[in-house]
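Asker: Output the structure for:
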Amino acid sequence: MANAAPKGPIQVHFVAAGKYHDIDFARLEILKLFADEPRIRATVAMDFANIERLNACALLVTYTCDVLPTQAEARAIKAWLDAGGRWLALHGTNSVLRFLENGLVDTPDERPDVMAMLGTQFVAHPPIGPYTVHVKQPGHQLVKGEADFEVVDELYLSRTTAEIDTILSTSFQGEATGFVESQWPQTEVPILYETRHGAGRLLYFTLGHCRGHYDVAVFTPFWPHPERCSWNYPVYTRILKRCLLWGINELEPN
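Answerer: Prediction:
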């Protein structure tokens, strides 16, 4: 019997850019995951401008903070999703941050077009600390075999902007110090979820904060203690690898 023809390359576009995070660290860690799949041929950008490249790709991966596509770029991304593209959005992709004169951080609803694609918009986070992530769908292919786990990370409190299918979640009640919307009643918080757009899908994973010495110059010229948060936990890497396999349609079905 003749051997099956080898599968061809998989085109991936990766946008890594933004504020208040160690984007260099995140970029490198995600590129390492790409390297585990030799068929991935990736391009890396600092914005969403290269729609021509995106249209040649099966997967868009984003690790950003307060960096959004223009309205024209968002329309092109939505058309690409509707046609069957997949978008793996990580950590701060859904953030719009505005620092007010009173020192608080506002997260205004300025880009509903983008947030409708992402399924949520970041609103606030409490100080970095431990919380338990609950596996809502233990049979789901992205988390099969994983138990509830604890991480130390930024907990992204958000407003829901589209129908989402939550796979991992946590709960929060208390104060998100420093944000306009600071007081939160008991709230279920999505951590990993999927949303659909036509023939395409978007997967959002909120874990993965990172910050180096020089990433918050707006507050201090030197941040003494670099933060790696969920990147320190093998469970995060395992699930993130599965998210990447989901993105290239190589994840084994349930």
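
Asker: State the pLDDT value of the most centrally placed residue in the chain.
Answerer: Nearest to the mean C-alpha position of the chain, counting by CA atoms, centre = their mean, stands Leu90 at 1.2 Å. Reading off the confidence values, Leu90 has pLDDT 99.

Asker: quick one, phi/psi of it?
Answerer: Here the main-chain torsion angles of Leu90 (degrees, to the nearest 10) amount to phi -120, psi 140.

Asker: Next up, the contacts around the closest residue to it other than its chain neighbours.
Answerer: Excluding the flanking residues, the one nearest Leu90 by CB to CB, 6 or more residues apart in numbering is Tyr63, at 4.5 Å. Every C-beta, even on glycine, is put in place using the N, C-alpha and C of the backbone. Tyr63 makes contacts with 14-16, 18, 21, 23, 26-27, 30, 90-93, 208, as judged by CB atoms under 8 Å, 6 or more residues apart in numbering.

Asker: Dump the residues you listed into JSON lines; add secondary structure and distance to Met117 as well.
Answerer: As requested, those are exported to JSON lines (DSSP: H, G, I helix; E, B strand; the rest coil; distance: CB to CB, whole Å):
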{"residue": "Phe14", "secondary structure": "strand", "distance to Met117": "17"}
{"residue": "Val15", "secondary structure": "strand", "distance to Met117": "14"}
{"residue": "Ala16", "secondary structure": "strand", "distance to Met117": "18"}
{"residue": "Gly18", "secondary structure": "strand", "distance to Met117": "17"}
{"residue": "His21", "secondary structure": "coil", "distance to Met117": "21"}
{"residue": "Ile23", "secondary structure": "helix", "distance to Met117": "21"}
{"residue": "Ala26", "secondary structure": "helix", "distance to Met117": "21"}
{"residue": "Arg27", "secondary structure": "helix", "distance to Met117": "22"}
{"residue": "Ile30", "secondary structure": "helix", "distance to Met117": "20"}
{"residue": "Leu90", "secondary structure": "strand", "distance to Met117": "15"}
{"residue": "His91", "secondary structure": "helix", "distance to Met117": "16"}
{"residue": "Gly92", "secondary structure": "helix", "distance to Met117": "15"}
{"residue": "Thr93", "secondary structure": "helix", "distance to Met117": "10"}
{"residue": "Gly208", "secondary structure": "coil", "distance to Met117": "20"}
